[in-house]
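S.K.: This is a predicted model, with the sequence first.
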Amino acid sequence: MNIGEVAVALDVGGTGMKCALVGANGAVVHAERHPTDAGRGPDAVVDTILAVAQGLAGRARAQGLTPAALGIVVPGVVDEARGVAVWSANVGFRDVPLRDLASARLDLPTALGHDVRAGGLAEARVGAGRDAGNVLFVAIGTGIAAAHVVAGSAATGAHGAAGELGHILVRPDGPVCGCGRPGCLEAIASASAVARRYAELSGIGATGPTGTTSDDGSATGPGPGRTMVTAAQVAARAAAGEELASRVWREAVEALADGLATGQALFDVETIVLGGGLAQAGTGLFGPLRTALRDRLTFHREPQLVPAALGDEAGCLGAALLALDQLETR
């Protein structure tokens, strides 16, 4: 990549898109955000993605820069080799050949990736895991997903579904997960699960059939988007000594420690990087979680357990890295 060339990067979520122009040194030249409006349907979302990407490329040229490649990351199951968004509940994609569509529209080499794997890639290369060659990045928000990064490359799996740590079975008699099976880690230790559990036990803001969960893990009740409780509030109440909040928080931490111990048994990483909304609880999470994880390890080496460094920019930076990587292989 030459001086003056930039990667066009888009991190597409169910609610919004984080977008940037990124230079070869990883510096963000320009950043902007757009609504995804997934409720309009997948075709409309694709049109928005392509229009935003085209607009960013045009902005680069207007600033005297050359857009050299495009990187797009989306949630769900992604076949990176074929450039197909196989499935995404958040965005509504089903077998969308997004890489080819974007490449045809912008006439740029295009990489399509998974949002969490891209975030893990960025954290492993330029974020909290940059000094480790073997990193497990775990994003804990509305759901739980992970990325295993070895020597700067994230594993995708045979079918594009690697890293679904949230669907490890940790409590066989636990609550039913969104995937339909009871007891998944995501159903107990995600930010949305913590919020729901507290609401159920306290009766404060308990959600009925029309209740939903927002991107920050807060539970919303039957009213017009009225927030009832958040995982952050549960963590704060637990830190203040409230008995019920402490119980819910402890259940989540214990389950998360079980999931991370399984991850360490499988991957034997140097560093586990925790990102997403729940990780923002700081020492209230990392202190008890380190202890619980240590208690579960026998002959496995204890990994470093650290908070993510890049915040919600990780996915977009990862999209840029994917775009830049393909230039090196051309």
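M.R.: Looks like it arrived, so ask away. Numbers count the residues shown, from 1 in each chain.
S.K.: Mind checking what secondary structure the spatially most central residue of the chain has?
M.R.: Per CA atoms, centre = their mean, the C-alpha nearest to the average position across the chain is that of V116, at 3.8 Å. At V116 the chain is in helix, as set by DSSP: H, G, I helix; E, B strand; the rest coil.
S.K.: residues contacting it?
M.R.: Neighbouring residues of V116 by CB atoms under 8 Å, 6 or more residues apart in numbering: P75, F137, A139, A145, A146, A147, G163, G315. Just so you know, the C-beta spots here come from the backbone N, C-alpha and C atoms, and that holds for glycine as well.
S.K.: Find the pair from those residues with maximum spatial separation.
M.R.: For the contacts of V116, the maximum inter-member distance is 14.8 Å, found between P75 and F137 (CB to CB).
S.K.: Between the two, point out the one with more neighbours.
M.R.: F137 (34 against 23; other CB atoms under 10 Å).
S.K.: That one contacts A147, correct?
M.R.: Yes. With contact defined as CB atoms under 8 Å, F137 counts as touching A147 (4.6 Å).
S.K.: Which neighbours do those two have in common?
M.R.: By CB under 8 Å, 6+ apart, the residues touching both F137 and A147 are V116, G119, G120, A124.
S.K.: The last one: how many residues sit nearby?
M.R.: Translated: A124. Neighbours of A124 (other CB under 10 Å): 31.
S.K.: please renumber so the chain begins at 27
M.R.: All set: I'll call the first residue 27, so the last point we hit is now A150.
S.K.: ok, it to A180 distance?
M.R.: From A150 over to A180 the distance is 8 Å, taken as CB to CB, to the nearest Å.
S.K.: any common contacting residues for these two?
M.R.: In contact with both A150 and A180: A173, using CB under 8 Å, 6+ apart.
S.K.: so after the strand or helix carrying L270, what's the next helix or strand?
M.R.: According to DSSP states H and E, L270 maps onto helix 269-293. Next helix or strand after helix 269-293 toward the C-terminus (DSSP H and E): strand 297-301.
S.K.: Which elements pack onto that next one?
M.R.: Strand 297-301 is packed against helix 141-152, strand 160-166, helix 269-293, strand 330-333, with contacts defined by 3 or more CB pairs under 8 Å, 6 or more residues apart in numbering; DSSP states H and E.
S.K.: Other residues contacting it?
M.R.: Contact with strand 297-301 is made by 145-146, 149-150, 153-155, 157-158, 160-166, 286, 289-290, 311-312, 329-337, 340, as judged by CB under 8 Å, 6+ apart.
S.K.: check which helix or strand covers L76.
M.R.: With DSSP H and E as criterion, L76 is part of helix 68-88.
S.K.: Would you give the sheet partners of the helix or strand just after that helix, along with the direction of each?
M.R.: Using DSSP H and E, the next helix or strand after helix 68-88 towards the C-terminus is strand 92-100. Sheet pairing of strand 92-100 (DSSP bridges) gives strand 31-38 (parallel), strand 136-140 (parallel).
S.K.: And the average pLDDT for the helix or strand following the longest one is what?
M.R.: This points to strand 31-38. Of the helices and strands lying after strand 31-38 in sequence (DSSP H and E), the nearest is strand 42-49. Strand 42-49 shows a mean pLDDT of 96 in the predicted model.
S.K.: cool, stretch 269-283 as well?
M.R.: 98.
S.K.: Give me the contacts around that stretch.
M.R.: 166, 196-197, 211, 214-215, 219-220, 223-224, 227-228, 260-264, 304, 310-311, 314-315, 318-319, 321-322.
S.K.: Quick one: distance of it to the chain centre.
M.R.: Averaging C-alpha positions (CA atoms, centre = their mean, to the nearest Å) puts stretch 269-283 22 Å from its chain's average.
S.K.: List the buried residues for it?
M.R.: A271, V274, W275, E277, A278, V279, E280, A281, L282, A283 (16 or more other CB atoms under 10 Å).
S.K.: With distance to G42 added, can I get the residues you listed in CSV?
M.R.: Converted to CSV, the buried residues of stretch 269-283 look like this (distance: CB to CB, whole Å):
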residue, distance to G42
A271, 30
V274, 29
W275, 28
E277, 31
A278, 26
V279, 29
E280, 33
A281, 29
L282, 26
A283, 32
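S.K.: So, low pLDDT: which residues of the protein?
M.R.: Counting by pLDDT under 70, the chain contains low-confidence residues at 27, 231-253, 355-356.
S.K.: Domain parsing of it, as residue ranges.
M.R.: Structural domains annotated on the chain: 31-149+338-354, 156-334, as defined by automatic domain parsing.
S.K.: Can you tell me which of those domains is most buried?
M.R.: Scoring the domains of the chain by mean neighbour count under mean count of other CB atoms under 10 Å gives domain 31-149+338-354 as the most buried, with a mean of 21.
S.K.: That one spans what distance, first to last residue?
M.R.: Domain 31-149+338-354 has an end-to-end distance of 13 Å (CA to CA, to the nearest Å).
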